[in-house]
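Engineer: okay, sequence plus prediction incoming.
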Amino acid sequence: MDLSTSYLGLPLRNPLVASAGPLSQTVAGVKALAAGGVGAIVMYSLFEEQVRREAERDALLEELHAESFAEALSYFPSVGPGPDRVASGYLSLVERSAAAVDVPVIASLNGSSVGSWVSFAHQLQDAGAAAIELNIYFVPGDLSMDGAAVEQRHVDIVSAVKQAVTVPVAVKLSPAFSSVGHLCQQLVAAGADGLVLFNRFLQPEIDIETLHVKPSVALSSRFEGRLPRTWIAALSHKLPVSFAATSGVEEASDLVRYLLAGASVVMSTSALVRHGAGYSRQLLAGLTDWMDRKGYQRIDEFRGLLAVPDDTDTSAYLRAGYVAALENAKQTYGSMRA
């Protein structure tokens, strides 16, 4: 059974990729993921805000203790101001991780200005990242910013980064756009080598006793896979790029569904956090068993089998599915009520 595939032009031993998450915060964690059998590893995201906060902290310390701080730094020449220390820590992790495993290590970057995206992307390439995932997490709270401006922001980031690096670049998107397909088309035109569908907006929780808003992170559920699968199925035969599926992976059957929809690779963090890095073996074994039962020897024999065909009106196709689902719901739940 041959599970080999490619993503962003990178050869992979299989289509299961460990997505950005807490398991890739150390070299030991990266090695555990690789030993578990994944085809590639996306590092946890480097956030520009983290770099800025450390810079502000160090600036304050330097102002308060200018002489002693400068003297201390002289004893540790590798430890510079905040931006260098925070970024260099991440760069070092990428470099050491890439050297420690035999699968591609993909850096994940989350900036807030075009200049920072470009600067960090170039450094990540130099550190040995096989590719760069642009984790564009942007919530337009400015009510004067229209949808076109939000989309252009994404396009500008991709265009600028692609001009600065030679390694493949993937874009991790949210589903909150009026026309997901059109934006994806623009990003491909700007040079994106792959699209990761979808990022999950992390909504805070409201504590009704303390009257506070609490940051909250919840692991994904299998139901969340339906939205990205729908869009991957709609776009995978129409845009000449790699598609990575993320969210809603818990069992081997979820890998199969994503591949049938046309995904190049299937990413998972929640399942690996729940069950451990070695859970990859169980997911891949389930994929192999399914392929054997169906008589497939290679991934490409069934990838995209249930994607929207090239010559089909995608809008009409998806609407027909919507209508059929509602008709089925009427029959199913209407009979239960009777």
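Structural biologist: Happy to help now that I have it. Numbering: from 1, shown residues only.
Engineer: adjacent strands (with direction) for whichever helix or strand residue 43 is part of?
Structural biologist: Per DSSP states H and E, residue 43 falls inside strand 40-47. Its sheet considered, strand 40-47 pairs with strand 16-18 (parallel), strand 105-110 (parallel) by DSSP bridges.
Engineer: residue 155 belongs to a strand?
Structural biologist: No. Under DSSP: H, G, I helix; E, B strand; the rest coil, residue 155 sits outside any strand and is assigned helix.
Engineer: the chain: strands as residue ranges?
Structural biologist: With strands called from DSSP state E, the chain shows them at 5-7, 10-12, 16-18, 40-47, 105-110, 131-135, 169-173, 194-197, 205-207, 212-214, 242-245, 265-268.
Engineer: save these as CSV, and put in distance to residue 159 and mean neighbour count too.
Structural biologist: To be clear about C-beta, it is placed using only N, CA and C from the backbone, and glycine gets the same treatment. Output for the strands of the chain, formatted as CSV (distance: least, C-beta to C-beta, whole Å; neighbours: other C-beta atoms under 10 Å):
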stretch, distance to residue 159, mean neighbour count
strand 5-7, 22, 21
strand 10-12, 22, 17
strand 16-18, 25, 28
strand 40-47, 20, 24
strand 105-110, 15, 27
strand 131-135, 11, 25
strand 169-173, 10, 26
strand 194-197, 15, 26
strand 205-207, 37, 11
strand 212-214, 36, 10
strand 242-245, 18, 28
strand 265-268, 24, 28
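Engineer: wait, which of those is closest to residue 310?
Structural biologist: strand 242-245 (14.9 Å; C-beta to C-beta).
Engineer: what's in contact with that closest one?
Structural biologist: Contacts to strand 242-245, defined as C-beta atoms under 8 Å, 6 or more residues apart in numbering, come from residues 6-9, 17, 170, 193-197, 225, 228-229, 232, 235-236, 258, 261-267.
Engineer: swap in 6 Å and give it another go.
Structural biologist: Strand 242-245 is contacted from outside by 7-8, 194-196, 228, 232, 236, 258, 263-267, using C-beta atoms under 6 Å, 6 or more residues apart in numbering.
Engineer: how far away is the nearest residue to residue 162 once chain neighbours are set aside from residue 164?
Structural biologist: Nearest residue to residue 162, sequence neighbours excluded (C-beta to C-beta, 6 or more residues apart in numbering): residue 191, at 3.5 Å. Using C-beta to C-beta, to the nearest Å, we find residue 191 at a distance of 11 Å from residue 164.
Engineer: also residue 279?
Structural biologist: 36 Å.
Engineer: could you chop the protein up by domain?
Structural biologist: 5-307, 314-338 (automatic domain parsing).
Engineer: among those domains, which is the most enclosed?
Structural biologist: Among the domains of the chain, ranked by average contacts under mean count of other C-beta atoms under 10 Å, first place goes to domain 5-307 (a mean of 18).
Engineer: just the endpoints, please. Distance across it?
Structural biologist: End-to-end distance for domain 5-307, by C-alpha to C-alpha, to the nearest Å: 18 Å.
Engineer: just give me how far that domain sits from the chain centre.
Structural biologist: Distance of domain 5-307 from its chain centroid, counting by C-alpha atoms, centre = their mean, to the nearest Å, is 3 Å.
Engineer: change the start of the numbering to 8 and stick with it
Structural biologist: Done: numbering now begins at 8, and the last item shifts to domain 12-314.
Engineer: state the distance from the residue nearest to residue 297 when sequence neighbours are not counted to residue 22.
Structural biologist: Computed as C-beta to C-beta, 6+ apart, the closest residue to residue 297 that is not its neighbour in sequence is residue 263, at 5.3 Å. As judged by C-beta to C-beta, residue 263 and residue 22 stand 10 Å apart.
Engineer: quick one: closest of the strands paired with strand 47-54 to residue 307.
Structural biologist: Closest to residue 307 of the strands paired with strand 47-54 is strand 23-25 (C-beta to C-beta; 15.8 Å).
Engineer: what ranges in the stretch 108-257 of the chain fall below the confidence cut-off?
Structural biologist: The model of the stretch 108-257 of the chain has no residue with pLDDT under 70.
Engineer: hey, where'd the helices end up in it?
Structural biologist: Under the criterion DSSP state H, counting those that start in this stretch, helices of the stretch 108-257 of the chain are mapped to 121-133, 154-171, 187-196, 233-242.
Engineer: in JSON lines: those helices, plus distance to residue 309.
Structural biologist: Below are the helices of the stretch 108-257 of the chain laid out as JSON lines (distance: least, C-beta to C-beta, whole Å):
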{"stretch": "helix 121-133", "distance to residue 309": "34"}
{"stretch": "helix 154-171", "distance to residue 309": "31"}
{"stretch": "helix 187-196", "distance to residue 309": "23"}
{"stretch": "helix 233-242", "distance to residue 309": "13"}
